[in-house]
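K.L.:
just coords:
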C-alpha cells in the first residue's frame with residue numbers, strides 16, 4: 001500500500017492533459033464542422049445564383065463572366081472571402097433526380113449548359129489551440145450543383161389565326177378537316193367553336209396519361225388511334241373552355257387510322273416528361289390532321305355561296321402536305337451535335353385553287369392558281385426565366401428562317417411539284433351563233449413572295465393560358481404582279497367558208513375581230529386583263545388562300561411562331577459529388 005503513494009501525483013497531470021487535449025479536439029472538431037457547414041451554404045448560394053445565368057435560363061447573352069460574377073456575389077453575401085480559399089464555378093449539362101446529380105458534363109460551349117457546379121476548397125489548421133507545425137492542416141472541400149431550365153412549348157400550326165375568325169375561315173377549315181377526318185364530308189364547326197379550340201391549352205401530362213404513355217422513350221415508339229388521341233385532348237381540357245362541341249364532331253368523324261405520337265408531340269432535350277408543359281389544343285389537332293395526310297393530296301370544293309367573290313362559281317381546292325408540323329416541347333440550348341435542340345417547322349404545303357370567273361358574259365377566265373408555300377423553320381435559341389421578383393413573365397428568343405413562297409398559274413401535282421399552266425381568257429365567248437369566240441387570251445403568272453431570316457422575341461406569362469405569337473407581314477399583299485405575261489390572240493380570218501350561214505358568221509366574226517382589235521388598241525385590253533387577273537388573284541388570296549394557309553400556320557413568305565406554354569422549374573439545388581455523379 002505504501003508503494004502506491006504518489007501514483008496520483010503522476011497520473012493526475014496526465015489525465016488532465018488528456019482531458020484538455022480531448023476538449024481542444026472537440027472544440028476544433030465543432031469548429032471545423034461549423035466551418036464546413038458555412039462553406040456549404042456559400043457554395044449553395046453561389047450555385048443557385050449562377051444557375052440563373054446558364055444558357056437554359058439566362059437570356060439572350062450568356063457569358064462565363066456573368067455566371068462567375070453571380071456566383072461570387074451570392075457567396076460573399078454568405079460570408080465568403082477570396083483570401084480564405086478558391087471558389088470554382090463550372091457550367092455544364094446536369095442529369096439529375098430530385099435530390100442529387102446523376103451526371104455532370106462540363107462544357108466549353110456555354111450554349112449547352114443547363115446548370116452549374118460550384119466547388120470550394122480551403123486549407124484550415126486542424127487546431128487553433130495546438131501547434132500547426134505538430135498537428136498540420138486539413139483540406140476542406142465542398143460542392144453543390146444547381147439546375148434551372150425553362151421548357152418551352154412552341155408551335156407553328158396556326159391557332160392565333162382563327163381566334164375571332166370569320167365564317168369564311170370556318171368554312172375553309174370545315175372543308176379541310178372534313179376531307180381528312182370525315183371521309184370528305186365537311187364538319188359544321190362554327191367560328192366561336194374554332195376560337196375556343198384556339199384559346200385552349202391542355203397539360204402535356206394529362207394528355208399522355210390519356211393515351212397510356214408515361215415516359216419519353218415510350219412516346220417515341222407509340223402509335224395511337226386518332227380517335228383516342230382526340231379523346232385524350234378533349235378529356236384534358238377544362239370543361240369551362242367549352243371545346244366539347246367541336247371535339248365531339250372531330251372524334252365522331254375519326255376512323256381507325258393511327259398516327260405516330262412523336263410526330264404530333266415532340267419532346268426534346270429531356271428523358272423525363274415535363275408534365276406541366278401546356279399544349280395548344282388547336283395546334284395539336286391541326287398537327288394530328290396534317291400528319292395523317294403527309295405526302296398526299298386532299299381535295300374539297302366550296303360552292304359560290306361560301307366564296308363571296310362576284311362572278312366566281314364553285315371553286316376547287318387541292319392541298320398537298322409535303323411535311324406536317326408538330327408541337328415541340330424543349331429547352332433553349334444546343335445538344336452534343338452542336339444543333340439547337342428545340343426546332344420546329346411550319347407545314348410544307350402546296351395549294352391549288354381552281355376558279356371560273358364570268359364578267360358579265362363578256363370575259364370568261366379559267367384560273368388554276370398554285371401556291372407553293374414551303375415550310376419555314378425555327379429554333380429556340382435563348383430563354384430568360386422569370387426571376388421571382390414580382391414578375392412571372394418569361395421571354396424567349398427564336399431564330400426563324402422563312403422560305404420564299406411561289407405563286408404561279410398552274411397546279412401542284414401528286415409529288416408536290418408546281419406545274420405551271422397558262423390562264424385561259426375568252427372575250428365574248430358563245431354570245432354569237434356558232435359559238436364564235438372573238439379573242440383567246442393566255443396569261444402566265446409566276447411570283448416569288450417573302451423569304452429571309454430573322455430573330456423574334458416572345459413573352460409568356462406563367463400560370464396563364466394565353467399564347468404569345470409573332471406573325472410577321474406576308475401574304476399576297478406583298479406580291480408584285482409586274483411580271484404578269486399576257487398574250488392576246490385575235491380570231492384569224494378564214495380563207496374559205498362553207499354554206500351561207502357559215503360564211504355569214506365568219507364575216508361577222510371577221511368584222512367583230514376588227515372591232516375588238518380596234519378596242520384593244522383604243523382602250524388597252526392588256527391593261528384590262530392585267531387588272532382582272534390581279535383582282536381575281538388578290539380576291540382569292542384575301543378570301544381563300546391567306547385565311548386557309550394562316551389557319552394551318554403559314555403566311556406566304558414568312559413563318560409564324562407561337563409559344564403556348566413555359567414550364568419553369570424552381571432552381572434545383574443538388575448534392576454534387578463530382579462529374580461521375582453521386
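P.N.:
Received it, and whenever you're ready, just let me know what you need. None of these values were measured; they are calculated from a predicted model. Residues are numbered from 1 along each chain as shown.
K.L.:
after the longest helix along the chain, which helix or strand is next?
P.N.:
Looking across the chain with DSSP state H, the single longest helix is helix 7-51. Following helix 7-51 in sequence order, the next helix or strand is helix 64-77 (DSSP states H and E).
K.L.:
how about the helices in the protein?
P.N.:
So, for the chain - with DSSP H - the helices run 7-51, 64-77, 132-135, 167-181, 191-198, 204-210, 216-220, 226-236, 244-253, 261-264, 281-292, 500-519, 525-540, 546-551.
K.L.:
return the most buried member of the ones you listed.
P.N.:
Of those, the one with the most neighbours on average (mean count of other CB atoms under 10 Å) is helix 281-292, at a mean of 26. For every residue, glycine as well, the C-beta is placed using N, CA and C.
K.L.:
how far is that helix from where the chain is centred?
P.N.:
Helix 281-292 has its C-alpha centroid displaced from the chain centroid by 13 Å (CA atoms, centre = their mean, to the nearest Å).
K.L.:
tell me what it is packed against?
P.N.:
If you count contacts as 3 or more CB pairs under 8 Å, 6 or more residues apart in numbering; DSSP states H and E, helix 281-292 packs onto strand 150-155, helix 167-181, helix 191-198, strand 201-203, helix 226-236, strand 258-260, helix 261-264, strand 327-330.
K.L.:
redo those as TSV? Include distance to residue 337 and mean pLDDT.
P.N.:
As requested, the helices and strands packed on helix 281-292 are arranged in TSV below (distance: least, CB to CB, whole Å; pLDDT from 0 to 100):
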stretch	distance to residue 337	mean pLDDT
strand 150-155	19	87
helix 167-181	34	86
helix 191-198	35	88
strand 201-203	30	89
helix 226-236	30	93
strand 258-260	22	91
helix 261-264	18	92
strand 327-330	14	91
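K.L.:
residue 82 is nearest to which of those?
P.N.:
Shortest distance between residue 82 and the helices and strands packed on helix 281-292, using CB to CB, is found for strand 150-155: 31.8 Å.
K.L.:
report all helices and strands that that closest one contacts.
P.N.:
Where contact means 3+ CB pairs under 8 Å, 6+ apart, strand 150-155 is packed against strand 278-280, helix 281-292, strand 327-330, strand 377-384, strand 393-402, strand 561-568.
K.L.:
wait, which of the helices of the chain is closest to residue 155?
P.N.:
Once those are compared by CB to CB, helix 281-292 is nearest, at 4.1 Å.
K.L.:
could you give the mean pLDDT of the closest one?
P.N.:
In this model, helix 281-292 has an average pLDDT of 91.
K.L.:
report the angle between it and strand 150-155.
P.N.:
60 degrees (axes from the mean of the first three to the mean of the last three CA atoms, to 10 degrees).
K.L.:
contacts for helix 281-292, please.
P.N.:
155, 157-159, 162, 176-177, 180-181, 194, 197-198, 200-202, 207, 226, 229-230, 233, 237, 243, 250, 257, 259-260, 263-265, 321, 324-327, 347, 551-553, 562, 564 (CB atoms under 8 Å, 6 or more residues apart in numbering).
K.L.:
list the buried residues of stretch 265-278.
P.N.:
Residues 265-270, 273-274, 276-278 are the ones in stretch 265-278 that count as buried (16 or more other CB atoms under 10 Å).
K.L.:
residues contacting that stretch, please?
P.N.:
95, 151, 153, 201-205, 207-208, 214-217, 219, 279, 284, 326-331, 333, 335, 341-343, 465, 564-567.
K.L.:
what mean pLDDT does it have?
P.N.:
83.
K.L.:
how far does that stretch sit from the chain's center?
P.N.:
With CA atoms, centre = their mean, you get 14 Å for stretch 265-278.
K.L.:
circling back to that earlier point, just the buried residues of stretch 265-278: which are in strands?
P.N.:
Using DSSP state E, the members of these that fall within strands are 265-267, 278.
K.L.:
quickly check those for the two that are furthest apart.
P.N.:
266 and 278 (15.0 Å).
K.L.:
need the contact list for the nearest residue to residue 247 once chain neighbours are set aside.
P.N.:
Leaving out its chain neighbours, the residue that sits closest to residue 247 by CB to CB, 6 or more residues apart in numbering is residue 234, at 4.1 Å. Applying CB under 8 Å, 6+ apart to residue 234 gives the contacts 243-244, 247-248, 251.
K.L.:
do a quick rundown of the strands in the stretch 301-450 of the chain.
P.N.:
315-323, 327-330, 343-345, 348-359, 363-372, 377-384, 393-402, 405-412, 418-420, 423-427, 439-444, 446-449 (DSSP state E, counting those that start in this stretch).
K.L.:
out of the ones you listed, deepest packed?
P.N.:
strand 327-330 (a mean of 25).
K.L.:
got a list of contacts for that one?
P.N.:
Contacting residues not belonging to strand 327-330 are listed as 151-155, 157, 204, 264-270, 274, 277, 279-280, 283-284, 287, 341-344, 380, 564-565 [CB under 8 Å, 6+ apart].
K.L.:
let's go with 6 Å and repeat that
P.N.:
153-155, 265-269, 277, 279, 283-284, 287, 341-342, 344 (CB atoms under 6 Å, 6 or more residues apart in numbering).
K.L.:
how far is it from where the chain is centred?
P.N.:
Remark: strand 327-330 is offset 7 Å from the chain centroid, using CA atoms, centre = their mean.
K.L.:
neighbouring strands - and their directions - for that strand?
P.N.:
The strands beside strand 327-330 in its sheet (DSSP bridges) come out as strand 150-155 (antiparallel), strand 265-267 (parallel).
K.L.:
to residue 449, which of these lies closest?
P.N.:
Once these are compared by CB to CB, strand 150-155 is nearest, at 22.8 Å.
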